[in-house]
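Participant: Sequence and predicted model, in that order:
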Amino acid sequence: MKKRVIFYFILVIFFIAFNFYLRPVEGNSLVDETYKKSDSYINDLYYSDEMFRNNLNKDGKKLYDNLVEASEKNTITIKMECDMECANSFNLAYSALYLDHPELLSFVGVDYCRYDDEILTCKNLSGIGSLRITLATNRIIREMDIIRKETKNMDEKEKIMYVYNYVASHDYNRIFMAAKSNQSAYSFFTGGKSVCAGFAKASQIIFQNIGINSMTVLDDEHMWNYVEYEGKYYVFDSTMGTGYVKNSEHYYDGLGKTTVGDTTGLFSDLYPEIEKTTLKEIFQV
C-alpha cells in the first residue's frame, strides 16, 4: 500500500512537471533561430525590435544594456561610470526597457539611484531568483501554447475580446506587498494577481503569440496597451476590467479608456495615430 502511494505521488509529480514545464510546444513563430542569436533575445516568449531602445541616445542605450544585464544576472547593485548628462538619461532608459521587453520577468524595477563622483549606483529590485524565473518562463511558454490553440480559429475581434477577458479575470493586487514581482508579467502568470504593469505586459505577450499587433504604453502613473484592429490602433487597458464585476456596464471601458484618463504616454512620437472611436463602441459591448 505504501509503495503504491509513493508510486502515485511520483506519477503526479511527473505529470505536473511534464505538462507545465517540459511538454514540447511549437512556440512563438516570431522567435526564430536568427532572433535567438541576436542581442535582443531574452527568452522564447517574445520577439522585440527594441524600438524604444533605438530611440535613446548613446548614454541611454548604455544604461539600458546595463539594466538588462543586471536583471538577467539577478544583480542587486548596478554601478557604472556616468557623467551628469548620462545620469539624466536613466529614466528614459528604464522606461524603454519596460516597453521593449515585457518577457523580461526579472526586470521589476529599481529601488533607488545615487549619483556621486561620476558613478551612478542603482539598487535593483531583483530577488525573484533565477530558478523561479526559469520555471515561470517554461510555464508561461506552455500557457501560450494553450492560448494559441484556443484562439486559432478566432478573428481579430474575437482574439482581442479573448485577451481582454482573460487578463481582466485576474485580480488587481491592491495591497502592494509583493513589489518585487508586481511590476512584471511574472506576478500575473504565476500568482494570478498583479498591477497595471503586469497586466499590460501579459497582454502584450499574449497578443504577439496569437498574431495581433499591439504596443505597450507607459506614463508616470500607469501602463496599458494600444492594439491594432482592421489596420487602425485603439486604446486597450485590461486593468480597467479588473476594477469591475464582469458584465457590469463599466467592465469593457478598458476598450477605449485608461484608469488615469489620459491615453498618451512616454515616447508619444513613436506610436501610430490612435483612433478616438473606441473598441467598446465598435464591438458594441
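Facilitator: Now that the structure is in, tell me what you want to look at. Numbers count the residues shown, from 1 in each chain.
Participant: who are the neighbours in contact with the residue nearest the centre of the chain?
Facilitator: Geometric centre of the chain, nearest residue: residue 201, 2.1 Å, by C-alpha atoms, centre = their mean. Contacts for residue 201 (C-beta atoms under 8 Å, 6 or more residues apart in numbering) come out as 102-103, 184-185, 188, 216, 223. To be clear about C-beta, it is placed using only N, CA and C from the backbone, and glycine gets the same treatment.
Participant: what does residue 237 give?
Facilitator: 196, 200, 224-225, 254, 257-259.
Participant: Most neighbours among these, which one?
Facilitator: residue 200 (30 neighbours; other C-beta atoms under 10 Å).
Participant: From residue 157, how far off is residue 102?
Facilitator: Residue 102 sits 23 Å away from residue 157 when distances are taken as C-beta to C-beta, to the nearest Å.
Participant: who's more crowded, the two?
Facilitator: Per other C-beta under 10 Å, whichever of residue 102 and residue 157 has more neighbours is residue 102, with 28 against 14.
Participant: Run a quick check on that one versus residue 209, I expect a contact.
Facilitator: No: taking contacts as C-beta atoms under 8 Å, residue 102 lies outside contact range of residue 209: 11.4 Å.
Participant: And stretch 262-275, end to end?
Facilitator: End-to-end distance for stretch 262-275, by C-alpha to C-alpha, to the nearest Å: 14 Å.
Participant: which of the residues in that stretch are buried?
Facilitator: Buried positions in stretch 262-275, judged by neighbour count with 16 or more other C-beta atoms under 10 Å: 263, 265-267, 275.
Participant: Spatially, which two of those are the most separated?
Facilitator: Greatest spatial distance among the buried residues of stretch 262-275 (C-beta to C-beta): 266 and 275, at 20.1 Å.
Participant: which one is residue 245 nearest to, not counting chain neighbours?
Facilitator: residue 251 (7.0 Å; C-beta to C-beta, 6 or more residues apart in numbering).
Participant: Equivalent analysis for residue 198, please.
Facilitator: Per C-beta to C-beta, 6+ apart, closest to residue 198 is residue 188, 4.2 Å.
Participant: who does whatever helix or strand the one you found lives in touch, helix- and strand-wise?
Facilitator: Applying DSSP states H and E as the criterion places residue 188 in helix 185-191. Other elements packing on helix 185-191 under the criterion 3 or more C-beta pairs under 8 Å, 6 or more residues apart in numbering; DSSP states H and E are helix 130-151, helix 179-182, strand 193-194, helix 196-209.
Participant: contacting residues for the closest residue to residue 241 other than its chain neighbours?
Facilitator: Excluding its sequence neighbours, the residue lying closest to residue 241 (C-beta to C-beta, 6+ apart) is residue 168, at 2.7 Å. Residues counted as contacts of residue 168 (C-beta under 8 Å, 6+ apart) are 199, 238-242, 246, 251, 254.
Participant: Among the residues you listed, show me the least confident.
Facilitator: Note: of these, the lowest pLDDT belongs to residue 246, at 75.
Participant: Go ahead and confirm that one touches residue 169.
Facilitator: Yes: taking contacts as C-beta under 8 Å, residue 246 lies within contact range of residue 169: 7.3 Å.
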